[in-house]
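1. Below is the sequence, then the predicted model.
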Amino acid sequence: MSSSPSLELSGINKIYKMGQIDLQVLFDVNLHIYPGDFVSIIGPSGSGKTTLLNILACLDRPTSGVYNFFGEDVSSKTNDQMSEIRNLRIGFIFQSFNLIPRHTALENVIMPLHYSDRHKNSNFKKMGLEALDLVGLSDRIGHYPNELSGGQQQRVAIARALVTNPEIILADEPTGNLDSKTSDDIMSLLKNLNSDGKTVITITHDNEIASQAAEIIKIKDGRVL
(Lines give C-alpha, C1' and ligand atoms only; values in the text may rest on other atoms or scores of the structure.)
Protein backbone atom coordinates (compact mmCIF):
# COMPACT_ATOMS: atom_id res chain seq x y z
CA MET A 1 0.00 0.00 0.00
CA SER A 2 1.22 3.48 -0.83
CA SER A 3 2.25 5.67 2.08
CA SER A 4 0.19 8.55 0.65
CA PRO A 5 -3.61 8.37 0.58
CA SER A 6 -5.47 8.71 -2.71
CA LEU A 7 -8.39 10.40 -1.00
CA GLU A 8 -7.95 12.35 2.23
CA LEU A 9 -10.77 14.12 4.05
CA SER A 10 -9.84 16.31 7.02
CA GLY A 11 -12.45 18.00 9.21
CA ILE A 12 -15.14 17.87 6.53
CA ASN A 13 -18.45 19.57 7.35
CA LYS A 14 -21.40 19.96 5.01
CA ILE A 15 -24.24 22.41 5.67
CA TYR A 16 -27.23 22.95 3.40
CA LYS A 17 -29.16 26.20 3.44
CA MET A 18 -32.89 25.48 3.84
CA GLY A 19 -34.40 28.94 3.72
CA GLN A 20 -33.56 30.50 7.09
CA ILE A 21 -32.36 27.17 8.48
CA ASP A 22 -28.89 25.67 8.28
CA LEU A 23 -29.07 21.87 8.01
CA GLN A 24 -25.75 20.24 8.87
CA VAL A 25 -25.41 16.80 7.27
CA LEU A 26 -21.73 15.97 7.89
CA PHE A 27 -19.78 16.71 11.06
CA ASP A 28 -15.98 16.85 11.17
CA VAL A 29 -15.44 13.80 8.94
CA ASN A 30 -11.90 12.44 8.64
CA LEU A 31 -11.08 9.69 6.15
CA HIS A 32 -7.99 8.24 4.48
CA ILE A 33 -8.38 5.92 1.50
CA TYR A 34 -5.22 4.50 -0.03
CA PRO A 35 -4.44 3.14 -3.52
CA GLY A 36 -5.74 -0.42 -3.82
CA ASP A 37 -8.13 -0.17 -0.87
CA PHE A 38 -11.55 -1.85 -0.91
CA VAL A 39 -13.76 0.20 1.42
CA SER A 40 -17.46 0.01 2.23
CA ILE A 41 -19.15 3.05 3.73
CA ILE A 42 -22.25 1.85 5.55
CA GLY A 43 -25.03 3.72 7.24
CA PRO A 44 -28.83 3.90 7.46
CA SER A 45 -30.99 6.18 5.36
CA GLY A 46 -30.36 9.78 6.37
CA SER A 47 -26.94 9.04 7.86
CA GLY A 48 -25.10 11.33 5.45
CA LYS A 49 -23.49 8.60 3.34
CA THR A 50 -24.89 9.94 0.05
CA THR A 51 -23.59 13.44 0.87
CA LEU A 52 -20.23 11.90 1.71
CA LEU A 53 -20.28 10.01 -1.60
CA ASN A 54 -21.04 13.23 -3.50
CA ILE A 55 -18.04 14.94 -1.91
CA LEU A 56 -15.72 11.98 -2.58
CA ALA A 57 -16.97 11.94 -6.18
CA CYS A 58 -16.31 15.66 -6.69
CA LEU A 59 -20.03 16.16 -7.33
CA ASP A 60 -20.29 18.54 -4.36
CA ARG A 61 -17.94 20.60 -2.23
CA PRO A 62 -17.68 20.59 1.56
CA THR A 63 -18.77 23.67 3.49
CA SER A 64 -15.54 23.51 5.47
CA GLY A 65 -12.58 21.19 5.87
CA VAL A 66 -10.08 19.94 3.30
CA TYR A 67 -10.52 17.24 0.66
CA ASN A 68 -7.28 16.20 -1.02
CA PHE A 69 -7.73 14.13 -4.18
CA PHE A 70 -4.36 12.51 -4.92
CA GLY A 71 -2.65 15.25 -2.95
CA GLU A 72 -4.52 18.18 -4.52
CA ASP A 73 -7.02 20.28 -2.60
CA VAL A 74 -10.35 19.98 -4.40
CA SER A 75 -11.54 23.33 -3.06
CA SER A 76 -9.02 25.06 -5.32
CA LYS A 77 -10.46 23.39 -8.44
CA THR A 78 -12.80 25.08 -10.89
CA ASN A 79 -16.08 23.40 -11.83
CA ASP A 80 -14.53 22.36 -15.15
CA GLN A 81 -11.58 20.78 -13.37
CA MET A 82 -13.95 18.96 -11.01
CA SER A 83 -15.83 17.67 -14.05
CA GLU A 84 -12.58 16.46 -15.59
CA ILE A 85 -11.74 14.52 -12.43
CA ARG A 86 -15.16 12.85 -12.54
CA ASN A 87 -14.92 12.01 -16.22
CA LEU A 88 -11.37 10.66 -16.26
CA ARG A 89 -10.38 9.50 -12.80
CA ILE A 90 -13.56 8.16 -11.19
CA GLY A 91 -15.77 5.34 -12.44
CA PHE A 92 -19.37 5.43 -11.19
CA ILE A 93 -21.64 2.43 -10.63
CA PHE A 94 -25.25 3.17 -9.68
CA GLN A 95 -28.02 1.12 -8.09
CA SER A 96 -30.38 1.93 -10.96
CA PHE A 97 -27.77 1.06 -13.66
CA ASN A 98 -28.52 4.33 -15.58
CA LEU A 99 -28.26 2.68 -18.99
CA ILE A 100 -29.70 4.38 -22.07
CA PRO A 101 -32.54 2.12 -23.32
CA ARG A 102 -32.08 2.87 -27.04
CA HIS A 103 -28.35 2.07 -26.96
CA THR A 104 -26.78 -1.38 -27.08
CA ALA A 105 -24.53 -2.68 -24.32
CA LEU A 106 -21.44 -1.64 -26.30
CA GLU A 107 -22.86 1.82 -27.07
CA ASN A 108 -23.66 2.36 -23.39
CA VAL A 109 -20.16 1.32 -22.35
CA ILE A 110 -18.33 3.66 -24.71
CA MET A 111 -20.54 6.67 -23.88
CA PRO A 112 -18.02 8.24 -21.41
CA LEU A 113 -15.32 8.17 -24.09
CA HIS A 114 -17.25 10.69 -26.17
CA TYR A 115 -16.80 13.26 -23.38
CA SER A 116 -13.09 12.67 -22.85
CA ASP A 117 -10.47 14.70 -24.72
CA ARG A 118 -7.85 12.23 -23.49
CA HIS A 119 -9.43 9.46 -25.56
CA LYS A 120 -10.53 11.41 -28.64
CA ASN A 121 -8.07 9.56 -30.89
CA SER A 122 -8.70 6.15 -29.31
CA ASN A 123 -10.49 3.15 -30.79
CA PHE A 124 -13.72 3.38 -28.83
CA LYS A 125 -15.06 0.04 -30.00
CA LYS A 126 -11.88 -1.80 -29.00
CA MET A 127 -11.91 -0.18 -25.56
CA GLY A 128 -15.59 -1.01 -25.08
CA LEU A 129 -15.10 -4.63 -26.11
CA GLU A 130 -12.19 -4.98 -23.67
CA ALA A 131 -14.30 -3.55 -20.83
CA LEU A 132 -17.22 -5.86 -21.60
CA ASP A 133 -14.84 -8.80 -21.76
CA LEU A 134 -13.58 -7.91 -18.27
CA VAL A 135 -17.11 -8.28 -16.88
CA GLY A 136 -17.89 -11.44 -18.84
CA LEU A 137 -20.34 -9.96 -21.36
CA SER A 138 -18.52 -10.37 -24.66
CA ASP A 139 -21.53 -12.29 -26.01
CA ARG A 140 -24.02 -9.49 -25.23
CA ILE A 141 -22.44 -6.49 -26.97
CA GLY A 142 -25.37 -5.95 -29.35
CA HIS A 143 -28.12 -6.45 -26.80
CA TYR A 144 -30.26 -3.59 -25.52
CA PRO A 145 -30.88 -3.08 -21.78
CA ASN A 146 -34.40 -4.56 -21.95
CA GLU A 147 -32.87 -7.73 -23.40
CA LEU A 148 -30.55 -8.16 -20.41
CA SER A 149 -31.15 -9.41 -16.88
CA GLY A 150 -30.62 -7.08 -13.92
CA GLY A 151 -27.24 -8.64 -13.22
CA GLN A 152 -26.18 -8.26 -16.84
CA GLN A 153 -27.29 -4.62 -16.87
CA GLN A 154 -25.19 -3.99 -13.78
CA ARG A 155 -22.20 -5.65 -15.47
CA VAL A 156 -22.67 -3.30 -18.43
CA ALA A 157 -22.72 -0.40 -15.95
CA ILE A 158 -19.49 -1.68 -14.39
CA ALA A 159 -17.88 -2.00 -17.83
CA ARG A 160 -18.91 1.61 -18.53
CA ALA A 161 -17.26 2.65 -15.25
CA LEU A 162 -14.06 0.86 -16.27
CA VAL A 163 -13.76 1.97 -19.89
CA THR A 164 -11.80 5.16 -19.12
CA ASN A 165 -9.42 3.21 -16.83
CA PRO A 166 -10.20 5.34 -13.74
CA GLU A 167 -8.15 5.23 -10.56
CA ILE A 168 -11.23 5.08 -8.30
CA ILE A 169 -14.41 2.97 -8.62
CA LEU A 170 -17.34 4.45 -6.67
CA ALA A 171 -20.33 2.11 -6.34
CA ASP A 172 -23.55 3.53 -4.88
CA GLU A 173 -25.73 0.64 -3.60
CA PRO A 174 -24.46 -1.50 -6.52
CA THR A 175 -26.55 -4.55 -5.54
CA GLY A 176 -29.67 -2.75 -4.30
CA ASN A 177 -31.89 -3.90 -7.17
CA LEU A 178 -30.49 -7.43 -7.46
CA ASP A 179 -31.30 -10.82 -5.95
CA SER A 180 -28.85 -12.38 -3.49
CA LYS A 181 -27.13 -14.70 -6.01
CA THR A 182 -26.62 -11.89 -8.53
CA SER A 183 -25.49 -9.58 -5.72
CA ASP A 184 -22.80 -12.09 -4.78
CA ASP A 185 -21.67 -12.25 -8.41
CA ILE A 186 -21.39 -8.46 -8.63
CA MET A 187 -19.46 -8.25 -5.36
CA SER A 188 -17.10 -10.99 -6.60
CA LEU A 189 -16.50 -8.93 -9.72
CA LEU A 190 -15.71 -5.83 -7.65
CA LYS A 191 -13.33 -7.88 -5.48
CA ASN A 192 -11.58 -9.15 -8.61
CA LEU A 193 -11.19 -5.58 -9.87
CA ASN A 194 -9.73 -4.63 -6.50
CA SER A 195 -7.33 -7.59 -6.69
CA ASP A 196 -6.19 -6.20 -10.04
CA GLY A 197 -5.26 -2.93 -8.33
CA LYS A 198 -8.40 -0.80 -8.55
CA THR A 199 -9.41 1.27 -5.53
CA VAL A 200 -13.06 0.40 -4.85
CA ILE A 201 -15.46 2.31 -2.59
CA THR A 202 -19.00 1.03 -2.07
CA ILE A 203 -21.83 2.89 -0.37
CA THR A 204 -24.45 0.61 1.19
CA HIS A 205 -26.94 0.12 4.00
CA ASP A 206 -26.52 -3.68 3.81
CA ASN A 207 -24.22 -5.23 6.43
CA GLU A 208 -23.72 -8.38 4.38
CA ILE A 209 -22.58 -6.42 1.34
CA ALA A 210 -20.35 -4.17 3.45
CA SER A 211 -18.70 -7.17 5.12
CA GLN A 212 -17.21 -8.25 1.79
CA ALA A 213 -14.95 -5.19 1.70
CA ALA A 214 -11.51 -5.18 3.31
CA GLU A 215 -12.44 -2.14 5.43
CA ILE A 216 -15.80 -0.95 6.74
CA ILE A 217 -16.45 2.70 7.58
CA LYS A 218 -19.65 3.31 9.55
CA ILE A 219 -21.47 6.61 9.40
CA LYS A 220 -24.41 7.67 11.56
CA ASP A 221 -26.07 11.06 11.95
CA GLY A 222 -23.36 12.63 9.79
CA ARG A 223 -20.47 11.34 11.88
CA VAL A 224 -17.97 8.63 11.06
CA LEU A 225 -17.95 6.16 13.95
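-> Happy to help now that I have it.
2. hmm, who's touching the lengthiest helix in the chain?
-> The longest helix of the chain (DSSP state H) is helix 180-195. With contact meaning C-beta atoms under 8 Å, 6 or more residues apart in numbering, helix 180-195 is reached by 36, 38, 134-136, 149-151, 154-155, 158, 162, 169, 171, 174-175, 178, 200, 202, 209, 212, 214. (Each C-beta comes from the backbone N, C-alpha and C, glycine too.)
3. is the residue positioned nearest the centre of the chain in a bridge, and if so with what?
-> Residue closest to the average C-alpha location in the chain (C-alpha atoms, centre = their mean): residue 170, at 1.4 Å. Residue 170 has these beta-bridge partners by DSSP bridges: residue 92, residue 201.
4. Please apply the same query to residue 21.
-> Counting by DSSP bridges, the residues bridging with residue 21 are residue 18.
5. Would you agree residue 178 is in contact with residue 149?
-> No: under the criterion of C-beta atoms under 8 Å, residue 178 makes no contact with residue 149, lying 9.2 Å away.
6. neighbour-wise, which of the two wins?
-> residue 178 (19 against 12; other C-beta atoms under 10 Å).
7. Now that one. Nearest residue, chain neighbours left out?
-> Distances taken as C-beta to C-beta, 6 or more residues apart in numbering place residue 150 nearest to residue 178, at 5.3 Å, with adjacent residues excluded.
8. Do I have it right that that neighbour meets residue 175?
-> No: with contact defined as C-beta under 8 Å, residue 150 does not count as touching residue 175 (9.7 Å).
9. Which one's more surrounded, these two?
-> Higher neighbour count among residue 150 and residue 175: residue 175, with 26 against 15, using other C-beta under 10 Å.
10. Show the average pLDDT along stretch 9-21.
-> Mean per-residue pLDDT for stretch 9-21: 94.
11. pLDDT weak spots in this structure?
-> Along the chain, the parts satisfying pLDDT under 70 run over 1-2, 117-121.
12. mind listing what residue 30 touches?
-> 9-12, 224.
13. what about residue 115, neighbour count?
-> 14.
14. what's the spacing between it and residue 103?
-> 15 Å (C-beta to C-beta, to the nearest Å).
15. ditto for residue 94
-> Counting by C-beta to C-beta - residue 94 and residue 103 are separated by 16 Å.
16. Then residue 184?
-> 28 Å.
17. where exactly do the helices run in the chain?
-> 49-56, 79-89, 105-110, 124-134, 150-162, 180-195, 207-210.
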